[in-house]
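Enquirer: give me a 3D structure for the following:
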Amino acid sequence: MNISKPVNIDDYIAGFPKEIQTILQQIRETIKKTAPAAEETISYNMPAFKMKKVLVYFAAYKNHIGFYALPSGNNAFQKELSKYKTGKGSIQFPLNEKIPFDLIKKIVKFRLMEI
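Expert: The predicted model follows:
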């Protein structure tokens, strides 16, 4: 894992093993396709996409990918998220399971409508 502060999303992704880089890049592409006008940035040392406000953040950890859609994103998808560990505005997608890219797309679309 990258100890230094990343300057951009490429820098962030480069700090992880190849298999994690692939997952992070797929999440990034999913968000970019869903919200093409969103700006890539690093916020709280995590990749983030914003349009005036932050739409979503994501980050890699030892055993999961953290996806942060703020509380509203989690509340709107409680049923779909019930199989994942969630917090007030966080979702944990275990690395030993298939990443739900369709769900990520739905959440990003929801956040776009909110903003």
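
Enquirer: give me the most central residue, this structure.
Expert: Centroid check for the chain by Cα atoms, centre = their mean gives Phe58 as the closest residue, at 2.9 Å.

Enquirer: flag every buried residue along the helix or strand where that one lies.
Expert: Using DSSP states H and E, Phe58 sits in strand 53-60. Of all the residues in strand 53-60, those buried under the rule 16 or more other Cβ atoms under 10 Å are 54-60. Every C-beta, even on glycine, is put in place using the N, C-alpha and C of the backbone.

Enquirer: which residues of this protein fall in strands?
Expert: 39-43, 46-51, 53-60, 64-68, 85-86, 90-94 (DSSP state E).

Enquirer: what does the strand holding Phe58 contact?
Expert: 1, 16, 20, 23-24, 27-28, 31, 35, 38, 43-44, 46-49, 65-70, 73, 107-108, 111-112, 115 (Cβ atoms under 8 Å, 6 or more residues apart in numbering).

Enquirer: please redo it, this time with the cut-off set to 7 Å
Expert: With contact meaning Cβ atoms under 7 Å, 6 or more residues apart in numbering, strand 53-60 is reached by 16, 20, 24, 27, 31, 35, 38, 43-44, 46-49, 65-69, 107-108, 111-112, 115.

Enquirer: ok, Ser82 - how many residues close by?
Expert: Using other Cβ atoms under 10 Å, Ser82 has 8 neighbouring residues.

Enquirer: distance of it relative to Leu70?
Expert: Using Cβ to Cβ, to the nearest Å, Ser82 is found at 18 Å from Leu70.

Enquirer: list the buried residues in the lowest-mean-pLDDT helix or strand in the chain.
Expert: Ranked by mean pLDDT, DSSP states H and E, the helix or strand of the chain with the weakest confidence is helix 70-76, at a mean of 78. Judged by neighbour count using 16+ other Cβ under 10 Å, the buried positions of helix 70-76 are 70, 73-74, 76.

Enquirer: for the helix of greatest length in the chain, packing partners?
Expert: Criterion DSSP state H: the longest helix present in the chain is helix 18-34. Using 3 or more Cβ pairs under 7 Å, 6 or more residues apart in numbering; DSSP states H and E, the elements in contact with helix 18-34 are helix 9-14, strand 53-60, helix 101-114.
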